[in-house]
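> Pasting a predicted model and its sequence here:
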Number of protein chains: 2
Amino acid sequence: MNLPKAWEILKENGFKETSKRQQILKMFSEDDRYLTARDLLDVMQKDYPGMSYDTVYRNLATFVSLGILEETELSGERHFRMQCESDHHHHHFICLDCGKIKEVPVCPMDMLGAALPSYQIANHKFEIYGKCPECQ
Amino acid sequence: MNLPKAWEILKENGFKETSKRQQILKMFSEDDRYLTARDLLDVMQKDYPGMSYDTVYRNLATFVSLGILEETELSGERHFRMQCESDHHHHHFICLDCGKIKEVPVCPMDMLGAALPSYQIANHKFEIYGKCPECQ
DNA sequence: AATGTAAATCGTAATGACTCTTAATTAGAA
DNA sequence: TTCTAATTAAGAGTCATTACGATTTACATT
């Protein structure tokens, strides 16, 4: 997702354009890896001093709830990245070294068939982990 | 997995049969839901006082590394359950209410094809979340 | 059965991710 | 420009998890 689209969504939902939100979104738009809140803070407190934990976490939660960022859990920590542009449902390969992702145009829910009769499905998670070609 | 099998694996790997390990494994063998370390401690410190955090976490890690327990992350917390008996690879539906699971005899890796050429795949995760028939 | 020793455990303190609180600041509307 | 609700800063607090030194225990050996 690009920055203008992100701001469009924020504005539509009545959120203000603050300098901290600009800084956070800029970081995500320039990095396609999964980042932790700590990653953000480490960089930010260097380039833009005075960013607090609270601000980072509060905005990450906002961005995820609006579909601007996507979130996953890797080795016990929450990781975030810009939501993919793709309009079709897909999943991710995640490089355990560099954190970069690759879209996988496959969804296992397509092959479920009648495996879960009368189960009420809310959501699902499918991720592949390993090393990308560059990191081998 | 049943208790004798679990102890067989532990013995094979040179681990001692302690009363704490007996207590922990007993809890898992009597409950097929995903449990947190806290769940274990709450029950244990009532029935068997004097179980420490360290002992619980250390043994959970041991059991997972030996394939006796399986682990997943649900809403930010590590959850554990006895490893399935099934000899064929499968995945899980997890009820977000009661924590019970149902095996899903489907693996998305089968339909990957050539989607990840020259990527080195280490592992993958596929889980379906929702409500089981009893919890609706 | 007694002993020796490495493994295991206890109790507690420490860590680190994340959240909450209150007062001050700021974006954007009027 | 002024007003007001949204946002942020700073730091304290919470909670899951890990680390550590002292003590205890399983079990192999005698």
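Received, thanks. Numbering: from 1, shown residues only, chains lettered A, B, ... in the order given.

> Those residues of chain A touching DNA strand C, which are they?
Proximity of chain A to DNA strand C (C-beta under 7 Å from any atom of the strand) is limited to residues A:16-19, A:36-38, A:53-54, A:57, A:61, A:77-78. All C-beta spots, glycine's among them, are computed from the backbone N, C-alpha and C.

> for A:R78, what are its contacts?
Applying C-beta atoms under 8 Å, 6 or more residues apart in numbering or on different chains, we find A:R78 in contact with A:T36, A:A37, A:L60, A:E71, A:T72, B:G76.

> Measure how buried the second one is and give me the count.
For A:A37, the count of nearby residues is 17 (other C-beta atoms under 10 Å in any protein chain shown).

> again with the last one
By the other C-beta under 10 Å criterion, the neighbourhood of B:G76 contains 9 residues.

> thinking again about what came up before, tabulate the contacts of A:R78 in CSV, adding columns for pLDDT.
Below are those laid out as CSV (pLDDT from 0 to 100):
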residue, pLDDT
A:T36, 94
A:A37, 95
A:L60, 97
A:E71, 95
A:T72, 95
B:G76, 89
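
> If we only consider the residues you listed, which is nearest to DNA strand D?
B:G76 (7.1 Å; C-beta to the nearest atom of the strand).

> what's near enough to touch the closest one?
A:E73, A:R78.

> got it, and A:Q83?
Contacts of A:Q83 by C-beta under 8 Å, 6+ apart are A:M1, A:G67, A:I68, A:L69, A:E70.

> wait, is A:F15 part of a helix?
No: checked against DSSP: H, G, I helix; E, B strand; the rest coil, A:F15 lies outside a helix; its state is coil.

> What distance do you get for it to A:Q23?
15 Å (C-beta to C-beta, to the nearest Å).

> which of these two has more neighbours?
Each of A:F15 and A:Q23 has its neighbours counted (other C-beta under 10 Å); A:Q23 has more, 18 against 15.

> pretty sure the more buried one is touching A:M51, no?
Yes: assessed by C-beta atoms under 8 Å, A:Q23 is found in contact with A:M51 at 7.1 Å.

> export the worst-scoring helix or strand of chain A on mean pLDDT as CSV, just CAs?
The helix or strand of chain A with the lowest confidence, counting by mean pLDDT, DSSP states H and E, is helix A:37-47 at a mean of 88. Extracted in CSV, the C-alpha atoms of helix A:37-47 (Å, rounded to 0.1, in the frame of the first residue of the first chain):
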residue,chain,number,x,y,z
ALA,A,37,7.7,-1.9,17.5
ARG,A,38,11.2,-2.0,18.9
ASP,A,39,12.7,-1.8,15.4
LEU,A,40,10.7,1.3,14.7
LEU,A,41,11.6,3.0,18.0
ASP,A,42,15.3,2.3,17.5
VAL,A,43,15.4,4.0,14.2
MET,A,44,13.0,6.7,15.1
GLN,A,45,14.6,7.8,18.3
LYS,A,46,17.7,8.5,16.3
ASP,A,47,16.1,10.3,13.3
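
> Contacts for it next, please.
Contacts for helix A:37-47 (C-beta under 8 Å, 6+ apart): A:Q23, A:I24, A:M27, A:M51, A:Y53, A:V56, A:Y57, A:L60, A:E77, A:R78, A:F80.

> Just the buried residues from the residues you listed, in ChimeraX please.
Selection of buried members from those for ChimeraX, criterion 16 or more other C-beta atoms under 10 Å in any protein chain shown:
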select /A:23,24,27,51,56,60,78,80
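
> quick one: which of the contacts of helix A:37-47 sit in helices?
Among these, the members falling in helices (DSSP state H) are A:Q23, A:I24, A:M27, A:Y53, A:V56, A:Y57, A:L60.

> Could you list which residues are in contact with the second one?
Residues touching A:I24, when contacts are defined by C-beta under 8 Å, 6+ apart, comprise A:L40, A:M44, A:V56, A:N59, A:L60, A:F63.

> for the fourth one, same thing?
With contacts taken as C-beta under 8 Å, 6+ apart, A:Y53 has the following neighbours: A:A37, A:L41.

> Tell me the spacing between the residue of chain A found nearest chain B and B:M111.
Nearest residue of chain A to chain B, counting by C-beta to the nearest C-beta: A:P108, 3.4 Å away. Applying C-beta to C-beta, the value for A:P108 to B:M111 is 8 Å.
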